[in-house]
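> everything below, folded, please.
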Amino acid sequence: MKIDVCFSPALYPVYHNPEAIVVVVDVFRATTTMAAAFSNGVSSIRPVATVEEAEAYKAKGWLVGAERNVKRCEFADFGNSPFDYTSEKVFGKDIVFATTNGTRAITLFAQRQGIAGQPGGEPFRLGTRAGVKVLTSLGDVPTLGKDVFQVEMGSWKRGDLDGCEVTIPGTAGSARGTFVDMGNPHVVAVIEDAFSSLPTVEQLDLVTKPVVAPRIESDQNVEFVRIDEQSEGDNEGNATMRVNERGCGETLSCGTGLCATAITLRAKTGIDHWTITVRGGTLRVDVTDNDVKLTGSATIVGKIELL
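A predicted model of the protein is given here:
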């Protein structure tokens with residue numbers, strides 16, 4: 001008998017077998033873990049939205065809980081298992097906890113609570129540690145899903161086009177990469193073109209951390225992207241992307257990584273508007289010389305009542 005364990009509903013298509021018996025265990029893991037930590041005497045928990053924020057707090061001496069793809073991040077003290085947060089480790093301590101609830105989900109919740117405007121209403125201003133993000137509710141968009149929001153992601157900087165070499169240990173071939181600063185560092189490698197000898201996007205081994213040369217001291221997220229379609233006349237393009245996030249491994253999506261990808265594709269093709277498919281869904285990115293906008297759907301997957 002063969003037993004496969006799928007840790008996330010988003011990964012189920014990879015494991016799908018029409019002849020298999022499926023057992024579903026549904027746990028609100030992050031909130032369960034926080035409750036366990038408080039039960040064991042933690043003084044406070046500060047949630048942050050990104051791995052980069054969590055790593056910055058670690059550099060300041062905080063205890064950090066952070067996990068991606070069922071693995072504790074390399075820099076973190078804890079994963080997101082309740083069993084990590086024993087009283088011996090956390091009693092009386094302050095902890096930073098990385099959770100993937102993003103700005104779109106927060107704004108959707110604010111809408112449901114009557115705090116943010118409905119589709120067609122005024123933009124919603126959300127304060128984050130990376131500054132104020134302005135979100136516009138677009139409602140349902142056929143190509144992007146329900147409860148779609150556009151987020152103004154702010155300014156960006158790009159290094160030399162194809163100024164890096166990207167390899168994956170254990171995988172034959174290499175690709176050219178472009179450095180993009182979105183407030184956190186990215187290297188975007190366009191593959192399945194004349195200059196890349198890596199496998200296809202779908203075949204890449206992103207469990208293994210990619211290597212970038214010349215080395216970037218801060219480390220970086222690495223995006224691998226294939227151009228699927230482009231129309232100079234319509235100023236539109238379609239692409240498929242996968243991402244390895246520093247300290248974590250492959251993730252299903254990365255907002256700043258999507259933006260960095262579109263910025264690189266714009267530099268290569270002159271096209272400003274990109275629809276990009278990642279393992280977590282399909283989003284749109286619009287790039288100008290001064291800023292970049294990210295558009296995608298948000299989903300509330302559960303409700304918790306504190307009694």
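
> what residue ranges in the stretch 51-200 of the chain score low on pLDDT?
Within the stretch 51-200 of the chain, the segments meeting pLDDT under 70 span 68-70, 99-106, 127-131.

> strands of that one, residue ranges please.
Per DSSP state E, counting those that start in this stretch, the stretch 51-200 of the chain carries strands over the ranges 63-65, 67-68, 71-72, 94-98, 124-128, 131-141, 145-154, 157-158, 164-168, 171-181, 185-190.

> list the neighbouring strands of the fourth one plus their orientation.
Read that as strand 94-98. Here strand 94-98 is paired, per DSSP bridges, with strand 44-48 (parallel), strand 63-65 (parallel).

> equivalent analysis for the third one, please.
Using DSSP bridges, the strands paired with strand 71-72 are strand 67-68 (antiparallel).

> next, the closest residue to L108 other than its chain neighbours: phi, psi?
Closest residue to L108 apart from its sequence neighbours, by Cβ to Cβ, 6 or more residues apart in numbering: A298 at 4.1 Å. Quick note: C-beta positions are derived from backbone N, CA and C, even for glycine. Dihedral angles phi and psi of A298 (degrees, to the nearest 10) take the values phi -130, psi 150.

> run through the residues that contact the most centrally placed residue in the chain.
Centroid-nearest residue in the chain: C254, 2.3 Å away (criterion: Cα atoms, centre = their mean). The contact partners of C254, by Cβ atoms under 8 Å, 6 or more residues apart in numbering, come to N221, E223, V243, E245, V278.

> neighbour-wise, give me the winner out of the residues you listed.
The most crowded member of the contacts of C254, judged by other Cβ atoms under 10 Å, is E223 (29 neighbours).

> for it, list each beta-bridge partner.
Under the criterion DSSP bridges, E223 forms beta bridges with V188, V243.

> residues in contact with it?
Applying Cβ under 8 Å, 6+ apart, the residues near E223 are H186, V187, V188, A189, M241, R242, V243, C254, G257, A260, T261.

> returning to that earlier point: closest one to L138 among the strands paired with strand 94-98?
With Cβ to Cβ as the measure, strand 44-48 is the member of those nearest L138 (26.5 Å).

> quick check: longest helix of this protein.
When the chain is parsed with DSSP state H, its longest helix is helix 255-269.

> relative to strand 171-181, how tilted is that helix?
Orientation note: helix 255-269 sits at an angle of 100 degrees relative to strand 171-181 (axes from the mean of the first three to the mean of the last three Cα atoms, to 10 degrees).

> just give me the neighbour total for P47.
P47 has 15 nearby residues by other Cβ under 10 Å.

> F97 is in contact with that one, correct?
Yes: the pair P47 / F97 is scored as a contact, 5.3 Å apart, by Cβ atoms under 8 Å.

> that older thread, pLDDT of whatever helix or strand comes next after the longest helix of the chain, averaged?
As assigned by DSSP states H and E, the chain's next helix or strand after helix 255-269 is strand 273-278. The average pLDDT for strand 273-278 rounds to 97.

> so what secondary structure elements neighbour strand 273-278?
On a contact count with 3 or more Cβ pairs under 8 Å, 6 or more residues apart in numbering; DSSP states H and E, strand 273-278 meets strand 236-245, helix 255-269, strand 281-287.

> quick one on the thing from earlier: in CSV, list the contacts of E223 along with distance to T33.
Shown next, in CSV, are these (distance: Cβ to Cβ, whole Å):
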residue, distance to T33
H186, 29
V187, 32
V188, 33
A189, 34
M241, 30
R242, 27
V243, 24
C254, 22
G257, 25
A260, 30
T261, 31
